[in-house]
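Peer 1: I would like to see how this sequence folds:
(chains A and B)
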Protein chains: 2
Amino acid sequence: MLSKKNLKLIQSLRYKKQRDIHRQFIVEGDKVVTDLLHSDWEIPHLFATPEWLLQLPAGDKKKPGQITELSDRELKKISTLKTPNRVLAVVMKPEYSMSWEEIASDLTLFLEEIQDPGNLGTILRIAAWFGIKNVCCSTSTADLYNPKVVQATMGALLFVKVHYVEPVPFLRECSGRGIPVYGTYLHGNTIYETSLAHNGLIVLGNESRGISGDCSTFATEKISIPRFGSHERGMESLNVAVAAAIVCSEFRRRE
Amino acid sequence: MLSKKNLKLIQSLRYKKQRDIHRQFIVEGDKVVTDLLHSDWEIPHLFATPEWLLQLPAGDKKKPGQITELSDRELKKISTLKTPNRVLAVVMKPEYSMSWEEIASDLTLFLEEIQDPGNLGTILRIAAWFGIKNVCCSTSTADLYNPKVVQATMGALLFVKVHYVEPVPFLRECSGRGIPVYGTYLHGNTIYETSLAHNGLIVLGNESRGISGDCSTFATEKISIPRFGSHERGMESLNVAVAAAIVCSEFRRRE
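Peer 2: Reported below is the predicted structural model:
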């Protein structure tokens, strides 16, 4: 049974302010919740249909602080999805700190003001695929714990550490540490012919404005994905998540 | 002023059956409609706010069969967007036929049952970026003229010819003509180490099931995008549009 208190809590977690106060967020969906149950993330409360709980191995049931059975109708009330799943978890935000050692030695994404939740989620999924451990976001980037972002990550938020940082001080620190900074632009040097380090920052800019002037000053290399074919009036750009995928693939294949 | 007849026509064009009957579809948005006005596509009717029409060069106003001024409120009624744009065009579906000469000599995408309109639109945008002239779709793939697909193409539908075909006869014909068929799989040969021709078919499968057994038999090469890093329980897949982008980039960079 869904109590009024829980209904209110879950609905409040759609808003960043409430997520920050409670330090909690919601995760929906069979696959991601199952992955969560096998992680070390804290799950104060799990809401699921009796059918979903029936197929859950006994060991997995020990993990959530509390389990509440809900009818499909009740689940629909708390779900943020058009087609509600059979399970919803209230999850504690993980606590991790940024390791400069990792940032200096590995590949890291830096997102400046990515605003579309779907793009942010997809970029995290790409990062996880390419074994990128850290994604740093400007504070103006969409919130990782927005339900739409969580959904779009398809579970990648379990494998990638996401840090929110002030862009200029962060980039200044990278620069001071001699970390290569690869800015992605519409008109830069073709990535196919650019020599790429094994470590460094890949900077992806806002969906309409690209990378700001302030951040651009820190780019040690300006790279582009070349456009092919010859349209008089051609495509103006690639989607930022698509660009992220191509750039990550280029870096990783050369390792 | 929006007549009842026009309101009814435009609303009916949200459905494939009606689009097939009328051989028309709708396009919204400043940029794409401007591109359309400079193309040779037929535009029987343009609906726009007075402000939008004011900034339109006189030459562009000659092109649509009819122009109707609408208030923001009226435009909202006919728009499929949450935030309606200032212009909506009723457009005749273009007529073009498939050239086997082009398919044999260039790179072509073959989409088997891509169901998500956003994915189809994004894939067409990627194809246009990489100068791919033809995209062949199984008849079970989402409809190109679905407003959500049109929106997601960001105008790419002007630069790419999309053909709907029966998969097996189409692939048999490719096979008979000796056209290389590159199937994309989760577990194939890493694309980075596969030799890729300058021409051929890149096959992308359904979002959940991948490429069917029937189509797989025609694959002359099975390729994969390798996963990096070492998660015990890692990401299971990449989004199909993301995979398309990486594969297209790999083919084109080697040219």
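
Peer 1: Can you pull the residues of chain A lying near chain B?
Peer 2: Taking CB under 8 Å from any CB of the partner chain as the criterion, the neighbours of chain B within chain A are A:31, A:35, A:38, A:122, A:125-126, A:128-133, A:154-156, A:159, A:192, A:225-231, A:233-236, A:238-239, A:241-242, A:245-246, A:249-250, A:252-253. Every C-beta, even on glycine, is put in place using the N, C-alpha and C of the backbone.

Peer 1: just the buried members of these?
Peer 2: A:35, A:122, A:125-126, A:128-133, A:154-156, A:159, A:225, A:227-229, A:234-235, A:238-239, A:241-242, A:245-246, A:249-250, A:252-253 (16 or more other CB atoms under 10 Å in any protein chain shown).

Peer 1: Out of the residues you listed, list just those in helices.
Peer 2: Mapping these onto helices (DSSP state H) picks out A:35, A:122, A:125-126, A:128-129, A:241-242, A:245-246, A:249-250, A:252-253.

Peer 1: Find the residue ranges of the stretch 101-250 of chain A scoring beneath the pLDDT cut-off.
Peer 2: A:230-234 (pLDDT under 70).

Peer 1: where exactly do the strands run in it?
Peer 2: Secondary structure of the stretch 101-250 of chain A (DSSP state E, counting those that start in this stretch): strands at A:107-111, A:134-138, A:161-165, A:181-190, A:200-204, A:221-224.

Peer 1: Just give me how far stretch A:241-255 sits from the chain centre.
Peer 2: 17 Å (CA atoms, centre = their mean, to the nearest Å).

Peer 1: Output that stretch in CSV with nothing but the alpha carbons.
Peer 2: C-alpha atoms of stretch A:241-255 as CSV (Å, rounded to 0.1, in the frame of the first residue of the first chain):
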residue,chain,number,x,y,z
ALA,A,241,25.8,13.0,-27.9
VAL,A,242,26.5,11.7,-31.4
ALA,A,243,29.6,13.8,-31.5
ALA,A,244,30.7,12.5,-28.1
ALA,A,245,30.4,9.0,-29.3
ILE,A,246,32.5,9.5,-32.4
VAL,A,247,35.2,11.4,-30.4
CYS,A,248,35.3,8.8,-27.7
SER,A,249,35.6,6.0,-30.3
GLU,A,250,38.5,7.8,-32.0
PHE,A,251,40.4,8.2,-28.7
ARG,A,252,39.9,4.6,-27.6
ARG,A,253,40.6,2.9,-30.9
ARG,A,254,44.1,4.4,-31.0
GLU,A,255,45.1,3.1,-27.6
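
Peer 1: Give me the contact list for that stretch.
Peer 2: The set of residues external to stretch A:241-255 that reach it, using CB atoms under 8 Å, 6 or more residues apart in numbering or on different chains, is A:107, A:109, A:118-119, A:122-123, A:126-127, A:129-132, A:182, A:184, A:191-192, A:196, A:198, A:202, A:204, A:223, A:225, A:238, B:122, B:125-126, B:192, B:225-226, B:228, B:238, B:241-242, B:245-246, B:249-250.

Peer 1: same thing but at 7 Å, please
Peer 2: Stretch A:241-255 is contacted from outside by A:107, A:109, A:119, A:122-123, A:126, A:130, A:132, A:184, A:191, A:196, A:198, A:202, A:204, A:225, B:122, B:126, B:192, B:225, B:228, B:241-242, B:245-246, B:249, using CB atoms under 7 Å, 6 or more residues apart in numbering or on different chains.

Peer 1: and what of stretch A:181-201?
Peer 2: If you take CB under 7 Å, 6+ apart as the criterion, stretch A:181-201 is touched by A:104-108, A:110, A:171, A:174-175, A:179-180, A:202-204, A:210-211, A:216, A:218-226, A:237, A:243, A:247, A:250-251, A:254-255, B:253.
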